[in-house]
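*Asks:* how would this look folded up:
(one chain, ligands or ions: 1)
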Amino acid sequence: MAIELVPVPLPETADASKFANFAREVKGFDPSNFTSEQFDELKEALYKYDALLFRNIDLTPEKQYALTKAFDPASENYGHGNKQTEADKKSILHPDLKTIPRVPQVQLIGNGKVYDHEGLAEARLKHPHHKTFHKSVVNQEDEDNGITRFYRWHIDAALYNLSPPKVTTLYAVNVPKGPKQVVRYDDGTGDELAVPLGTTAFVSGRTMFELLPPELKSVAVRGQVKYAPHPYVWMAPAKAKSTGLGIESEGLEMSLDELPPWDASKQKIYPILWKNPITKELSFQVHPCGVAELIIAPLPAGANRDGAVFPDGAHLTDLKEVRELLYKMQRPAISPNLVYPHDWHEKDLVLFHNRGVLHSVVGAFKEDQVRAFHQCNLAASEEPVGPSADDVSIWA
Ligand SMILES: [Fe+2]
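*Replies:* Below you'll find the model as predicted:
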């Protein structure tokens, strides 16, 4: 039986025309039991729509791992690695992840105390709160009235040594009920977005590229970002922007000689644009918090130089300058009308193309609101592919 794809329920705030190729609910596919023909159909749908929702699914950690691995059969380890290293303990991601003992590629994430869960006698989970990461915070009175923030827009990726996972699966085991919250951008635009409690917010990397004016499309197609070594340790002392889209430049990053031992050959340099393996479209895939440098190639011979930005190329190493340019390119795509804030129900499974979307944790829970999710992604067996020579000649 062919799988059926239906539009996801978009909030009133969403511009439906921008979701023509983004996010679908899948019916008629059992994530625990599928044939290779059915999987091929699912894979095509995933790369076409970048985020897929399945409702009312029963899924063991073993089956979740199997589904995730099917997208990259040669991958093996959790996206941030399976072994705890010294660097992991200093990483800002460390408190948010608890491993399922039977299936170490699957992490338990959420909020509150969870008992006797898949072999974990007791787990204390903490939903990341923007006050631990943002430079400015929502005051208590506003928070009590449901005002919140995007925590951190990101790609699921170690960005050092390991390759960014192709897909991530998120499975909702326990979803606390509560009133809606309102994300405030607090960046002078007045932008706000009403969201379900504890939503995960998604934006399309394709749209992020499409929205750019021609001179910034040219920068994007010629650009590469270099990530800091151990980026999550490096950024740990620094504070994020109020939109969760990158770091404020205050010189707070850890200096390179304070970091755990690192090897320049394991640092990641990626194209700004990643090519979709099926549609061949380009997605703007940059995890802004971890970027240290921007490298822009010169315009190709014969390209029109009128109005070009960095026509002769550039290597930007000033963090403030790097971040300002990235922010200018990425901020339009997180506007309220372009965000899909998923309204989680228990037994929802969301499968997303981690190389085609950016996503963020959102909202704040009280300690007694217990949320338990299983998350799986696998460090990929190959690196993302950047723009082709044809892409460069079209967009530069
Ligand atoms: Fe994530």
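*Asks:* Kindly format the C-alpha coordinates of the one helix or strand residue 169 maps to as CSV.
*Replies:* In this structure, residue 169 sits in strand 167-174 according to DSSP states H and E. Extracted in CSV, the C-alpha atoms of strand 167-174 (Å, rounded to 0.1, in the frame of the first residue of the first chain):
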residue,chain,number,x,y,z
VAL,A,167,18.0,12.4,10.0
THR,A,168,16.8,12.7,13.6
THR,A,169,13.8,10.9,15.1
LEU,A,170,12.0,12.3,18.0
TYR,A,171,9.4,10.1,19.8
ALA,A,172,7.0,11.5,22.4
VAL,A,173,6.5,9.1,25.3
ASN,A,174,5.1,11.6,27.9
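*Asks:* Do you have the helices of the stretch 201-350 of the chain handy? List them.
*Replies:* Along the stretch 201-350 of the chain, counting by DSSP state H, counting those that start in this stretch, helices occupy 205-210, 214-222, 231-234, 319-330.
*Asks:* Dump those helices to CSV, plus mean neighbour count.
*Replies:* Every residue, glycine included, has its C-beta placed from N, CA and C. Converted to CSV, the helices of the stretch 201-350 of the chain look like this (neighbours: other C-beta atoms under 10 Å):
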stretch, mean neighbour count
helix 205-210, 23
helix 214-222, 20
helix 231-234, 24
helix 319-330, 18
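*Asks:* Let me see the contact set for residue 374.
*Replies:* Residues near residue 374 by C-beta atoms under 8 Å, 6 or more residues apart in numbering: 59, 61, 64, 100, 106, 107, 108, 109, 169, 170, 171, 173.
*Asks:* Skip the chain neighbours and tell me the closest residue to residue 7.
*Replies:* With sequence-adjacent residues excluded and distances taken as C-beta to C-beta, 6 or more residues apart in numbering, residue 7 is closest to residue 24, at 6.6 Å.
*Asks:* Which two among the contacts of residue 374 are spaced furthest apart?
*Replies:* By the measure C-beta to C-beta, those have their two most distant members at 59 and 109, which lie 15.2 Å apart.
*Asks:* At which residues are the strands of the stretch 251-396 of the chain located?
*Replies:* Per DSSP state E, counting those that start in this stretch, the stretch 251-396 of the chain carries strands over the ranges 269-271, 273-275, 282-284, 291-296, 314-316, 340-342, 349-353, 357-361, 371-377.
*Asks:* ok, and which of these has the densest surroundings?
*Replies:* Mean neighbour count (mean count of other C-beta atoms under 10 Å) peaks for strand 282-284 among these, with a mean of 26.
*Asks:* how is the protein carved up into domains?
*Replies:* 4-206+334-377, 214-331 (automatic domain parsing).
*Asks:* and those domains, which one's lowest on average pLDDT?
*Replies:* Confidence, taken as mean pLDDT, is least for domain 4-206+334-377 of these (a mean of 94).
*Asks:* centre of the chain versus it, how much separation?
*Replies:* Chain-centre distance of domain 4-206+334-377: 8 Å, with C-alpha atoms, centre = their mean, to the nearest Å.
*Asks:* ends of it, how far apart?
*Replies:* One end of domain 4-206+334-377 to the other measures 25 Å (C-alpha to C-alpha, to the nearest Å).
*Asks:* can you tell me which helix in the protein is longest?
*Replies:* Counting by DSSP state H, the longest helix found in the chain is helix 36-49.
*Asks:* Give the pairing partners of the following helix or strand past that one; include direction for each.
*Replies:* Counting by DSSP H and E, the next helix or strand C-terminal to helix 36-49 is strand 51-54. Strand pairing for strand 51-54, determined by DSSP bridges: strand 24-27 (parallel), strand 349-353 (antiparallel).
*Asks:* Identify the residues contacting the shortest one?
*Replies:* Translated: strand 24-27. Contacts for strand 24-27 (C-beta under 8 Å, 6+ apart): 3-8, 42, 45, 49, 51-55.
*Asks:* what are the C-alpha coordinates of that strand, in CSV please?
*Replies:* The C-alpha coordinates for strand 24-27 follow below in CSV (Å, rounded to 0.1, in the frame of the first residue of the first chain):
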residue,chain,number,x,y,z
ARG,A,24,3.8,16.4,6.0
GLU,A,25,1.9,13.9,8.2
VAL,A,26,2.5,10.3,7.0
LYS,A,27,-0.3,7.7,7.0
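*Asks:* Residue 17 belongs to a helix?
*Replies:* Yes: counting by DSSP: H, G, I helix; E, B strand; the rest coil, residue 17 is found in a helix.
*Asks:* how close does it get to residue 339?
*Replies:* Look at residue 17 and residue 339: by C-beta to C-beta, to the nearest Å, they are 15 Å apart.
*Asks:* Give me the more crowded residue out of those two.
*Replies:* Neighbour tally, residue 17 and residue 339, criterion other C-beta atoms under 10 Å: the higher count belongs to residue 339, 25 against 7.
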